[in-house]
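Participant: model the following, please.
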Amino acid sequence: MENGTILLVGVAAGTEAGLRAALPEAPFESAEESTRARHHLSAGAPCAAVVSLERDPQAGFELIATLSAAGARVIVLGGKKDADLILHAMRAGAHEFLVAGEEERLQRALREQVRPPVAKGLGQVTVVLAAKGGVGATALSVNLAGVLHGPEARVCVLDLDVHKGDVLGFLDVSGGYSISDVLGNLGRLDRELLGSAILRHRSGLEVLAQSEKLQEADRVEPRHIPALLGFLRQHYRHVIVDGLRGFDDLSLAALDAADRILLVLTQEVPAVRDAHRYVELLGRLGYPPGKVLLVLNRFQRSSDITLRVIAETVGAPVEATIGNDYPALERAIRAGALLLEAAPRSELVRDVRALAERLAPRAAAGAPRRSIFHKLFGRIDHAAQ
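Facilitator: The predicted structure follows:
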């Protein structure tokens, strides 16, 4: 059995047929029951397994433990949401517990497993997703891209709000190729031609948006997104995707193809509540927890909504905080500049560099070193949250 195989154990014929139709590229193997599944393990552990507990739960738990110990991601199918059953399955090593009728969630969980790994040398795709409107996701997208960009690291910001995206306005650029132009020329564009046609900010950061060609926005379809992002991976070290609005088909296509998702929120009750809903939904869609990073924007230490409160409410830890320096950000936006240009000493630059370092170690190598006192008292302040 190859490492990419997905083992189906005791899965109903209708469910199996739906999986095979939805994921025709996936190398499925099936076994009617847990005892027969062990025969398949002689050829090596699968990358993932779907184990039904409806026939023989005890044998199923034993198989889950064996598969999990071998490194497989195990998804369990039960007849109903039974707390004892779920707890027993999780203790055995299961990653998810689903019931009949959750076929779409099952398909998404498995699609993440069979998505081809990014080949060595290809760029990374990071989606910046706003938990609600007005949390500063676009400002974070362009300035994170600006920090990641460098002489040896080309970076592109892709604005997938094809009707009213904000990236071009933030950077004060216009003209150039639109998304629909690139889609129409994927087969003939090379690095040199792309570089001569795509929008470029004065910092060297490159931008792809639908631009002024709004009449062609409907030509950008969800089915085009995997190919578009695959193409951009070949030409850029990092692709930062902005402009997703909720969970429409275009957004889901980008989320599926991304390497990581930065879920942005602020210390406002509606934003925290919406972040909780997003984290829950992203989990139900089958995205592994490590793919989703919670980023707290406009962070204020004096707020009653602390990092601990957010983690407990949302159900995920805050992975990064970005300070609150609106005057510096406003100056940058008015000038069509990056924060690195308009306010290089702002705490926002420091925090965005720290996030960039988290996403791509050594990407923020040019950041100024902080003194030992800054590091010490910074740790103390953070621990107090």
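
Participant: can you show me the CA trace of stretch 177-197 as PDB?
Facilitator: Extracted in PDB, the C-alpha atoms of stretch 177-197 (Å, rounded to 0.1, in the frame of the first residue of the first chain):
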ATOM      1  CA  TYR A 177      -2.700  42.600 -16.000                       C
ATOM      2  CA  SER A 178      -5.900  41.600 -14.300                       C
ATOM      3  CA  ILE A 179      -6.700  38.200 -12.900                       C
ATOM      4  CA  SER A 180      -8.800  37.400 -15.900                       C
ATOM      5  CA  ASP A 181      -5.900  38.400 -18.200                       C
ATOM      6  CA  VAL A 182      -3.600  35.900 -16.400                       C
ATOM      7  CA  LEU A 183      -6.200  33.200 -16.500                       C
ATOM      8  CA  GLY A 184      -6.500  33.600 -20.200                       C
ATOM      9  CA  ASN A 185      -2.800  33.400 -20.800                       C
ATOM     10  CA  LEU A 186      -1.600  30.800 -18.300                       C
ATOM     11  CA  GLY A 187      -0.300  28.600 -21.000                       C
ATOM     12  CA  ARG A 188       2.000  31.200 -22.600                       C
ATOM     13  CA  LEU A 189       3.200  33.400 -19.600                       C
ATOM     14  CA  ASP A 190       6.700  32.900 -18.400                       C
ATOM     15  CA  ARG A 191       8.500  34.800 -15.700                       C
ATOM     16  CA  GLU A 192       9.800  37.500 -17.900                       C
ATOM     17  CA  LEU A 193       6.500  38.200 -19.600                       C
ATOM     18  CA  LEU A 194       4.600  38.000 -16.300                       C
ATOM     19  CA  GLY A 195       7.000  40.500 -14.800                       C
ATOM     20  CA  SER A 196       6.500  43.000 -17.600                       C
ATOM     21  CA  ALA A 197       2.700  42.800 -17.400                       C
END
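
Participant: could I get the buried residue list for that stretch?
Facilitator: Neighbour-count burial for stretch 177-197 flags 177-183, 189, 194, 197 (criterion: 16 or more other CB atoms under 10 Å). For glycine as for every other residue, the C-beta is placed from the backbone atoms N, C-alpha and C.

Participant: closest to residue 236 among the residues you listed?
Facilitator: residue 194 (9.6 Å; CB to CB).

Participant: neighbours around the closest residue to residue 273 other than its chain neighbours, how many?
Facilitator: Sequence neighbours aside, residue 313 is the residue nearest to residue 273 in space, at 7.6 Å (criterion: CB to CB, 6 or more residues apart in numbering). Residues lying near residue 313 (other CB atoms under 10 Å) number 15.

Participant: on that earlier part again, quick check: the two most widely separated of the buried residues of stretch 177-197?
Facilitator: 180 and 194, at 14.8 Å, using CB to CB across the buried residues of stretch 177-197.

Participant: sorry, back to before: looking at the buried residues of stretch 177-197, spot the one nearest residue 17.
Facilitator: Of the buried residues of stretch 177-197, the one sitting nearest to residue 17 (CB to CB) turns out to be residue 183, at 32.8 Å.

Participant: ok, the closest one - contacts?
Facilitator: When contacts are counted by CB atoms under 8 Å, 6 or more residues apart in numbering, residue 183 touches 219-220, 224, 227-228.

Participant: repeat that for residue 129.
Facilitator: So residue 129 contacts 137, 244, 251, 255, 261-264, 278 (CB under 8 Å, 6+ apart).

Participant: next one: residue 148
Facilitator: 155, 237-238, 240, 356, 359-360, 363.

Participant: hmm, 7 Å instead?
Facilitator: 155, 238, 356, 360, 363 (CB atoms under 7 Å, 6 or more residues apart in numbering).

Participant: model confidence for it, exactly?
Facilitator: In this model, residue 148 is scored at 95, pLDDT.

Participant: check residue 115 too.
Facilitator: 60.

Participant: mind picking the lowest-pLDDT entry from the contacts of residue 148?
Facilitator: pLDDT across the contacts of residue 148 is lowest for residue 363, at 51.

Participant: give me the neighbour count for residue 250.
Facilitator: 21.

Participant: repeat for residue 156
Facilitator: Residues within reach of residue 156, counting by other CB under 10 Å, total 25.

Participant: just the one 4 residues further on next, same as before
Facilitator: Under the neighbour criterion other CB under 10 Å, residue 160 is assigned a count of 24.

Participant: got the phi/psi numbers for the nearest residue to it once chain neighbours are set aside?
Facilitator: Nearest non-adjacent residue to residue 160, counting by CB to CB, 6+ apart: residue 243, 4.4 Å away. Here is the backbone geometry of residue 243 (degrees, to the nearest 10): phi 90, psi 10.

Participant: residues contacting residue 243?
Facilitator: 159-161, 165.

Participant: ok, now residue 131?
Facilitator: 263-265, 271, 274-275, 278.

Participant: can you list the domain ranges for this structure.
Facilitator: Per automatic domain parsing, the domain ranges recorded for the chain read 6-114, 124-383.

Participant: and for the longest helix anywhere in the chain, what's in contact with it?
Facilitator: The helix that spans the most residues within the chain, counting by DSSP state H, is helix 269-284. For helix 269-284, the external contacting residues (CB under 7 Å, 6+ apart) are 105, 131-132, 135, 247, 263, 265, 292, 294, 305, 310, 313-316.
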